[in-house]
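Engineer: Provide a 3D model corresponding to the input given below.
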Amino acid sequence: MILQTDASNEFWGAILIEEENGKKHFCGHASGQFKDSDKHYHVVYKEILAIKYGIKKFEFHLIGHHVTIFMDNTSFPKIMDLKNKGVPKPQLLRLKVWFSKYQFKVKHIKGEKQLDP
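Structural biologist: Down below sits the predicted model:
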């Protein structure tokens, strides 16, 4: 399964794609507006929220499957890797715990390539 996500200052989006025998099949999309309380966050954190919201939307399809997440930001894996760092912010700890129930890897994709089939 492939999940492509993106975020802007006010909105997030996610696309679910299934790859079978080298062919990609569109399965669904989700999008939304960030809550007022989320709008003050840095765009990197909003990108993480876009992944979380996308996973929540398609959770039924993703549980038990390995997911490849494509995003146009390279910071997510570094932020979620809490090794060799001081005590992380509680916010990041909660996200790390939340994401730990899913099997995924993250790949970088340039923004203009986001919707290429």
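Engineer: mind listing residues that contact the helix ranked longest in the chain?
Structural biologist: The residue-count maximum for a helix in the chain (DSSP state H) belongs to helix 43-57. Helix 43-57 has contacts (Cβ atoms under 8 Å, 6 or more residues apart in numbering) with 3, 5-9, 12-14, 16, 28, 30, 32, 34, 38, 41, 62, 67, 69, 71-73, 75-76, 79, 95, 98-99, 102. Every residue, glycine included, has its C-beta placed from N, CA and C.
Engineer: the helix or strand following it - what's its average pLDDT?
Structural biologist: Next along the chain after helix 43-57, taking DSSP states H and E as the criterion, comes helix 59-62. The pLDDT scores in helix 59-62 average 88.
Engineer: for helix 59-62, buried residues please.
Structural biologist: His61, Leu62 (16 or more other Cβ atoms under 10 Å).
Engineer: can you pull out the low-pLDDT segments for the chain?
Structural biologist: Applying pLDDT under 70 to the chain flags residues 80-88, 110-117.
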